[in-house]
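1. Sequence first, then the predicted structure:
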Amino acid sequence: MTPQISHLVATVCARHKIRLDENDPAIVTVEIARLALEESVGLLLERASPLTDRICTAGLDLGKEMANLAARRILTETDLARQGIAEEAQAARKAAAIAIKEVAQSHRMEHAAKWICTGIALASLLGALCFAAGYACAPIADSYGIHRH
């Protein structure tokens, strides 16, 4: 008899003041039930062992699939982010080009006005010099007999 059965017999004898021995039909029934249960649990564990391997393999496969899905999702989101950044950069480049063009055009207009004013002033000065030269040269022309008409 196992130590567990001996302890069970001693406990029942002490509590209920009943005399039991190892060959009592109640003890034999408990022992038969225990042996049947041990055998059933052994068969269950034997049958469940391949299932645990299959569950473990399925769990690993699921983990790999989830990792692949997550990696694909990250790549997709990264590509979308890159595309958004590229579009924003392109829009910023266009806006900068327009601003540069406007600034250059305003500078050109400012400088063009300065050069036009400078040209008019120089032309006026040249005209005044020519006019003055004509008056200055008039007495010399008269001395050579060149008359104005």
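-> Structure's in. What do you need? Numbering: from 1, shown residues only.
2. Do a quick rundown of the strands in this protein.
-> Using DSSP state E, the chain contains no strands.
3. mind listing the helices for this protein?
-> 3-16, 25-143 (DSSP state H).
4. Distance of residue 113 relative to residue 120?
-> Going from residue 113 to residue 120 by C-beta to C-beta, to the nearest Å gives 11 Å. From N, CA and C alone the C-beta is placed, and that goes for glycine too.
5. what about the protein, any weak spots by pLDDT?
-> 1, 141-142, 144-149 (pLDDT under 70).
6. how deep is residue 113 tucked in, by neighbour count?
-> The burial count assigned to residue 113 is 10, neighbours taken as other C-beta atoms under 10 Å.
7. Name the stretch among the helices of the chain that sits most buried.
-> Of the helices of the chain, the one with the most neighbours on average (mean count of other C-beta atoms under 10 Å) is helix 3-16, at a mean of 12.
8. between it and helix 25-143, how many degrees?
-> 120 degrees (axes from the mean of the first three to the mean of the last three C-alpha atoms, to 10 degrees).
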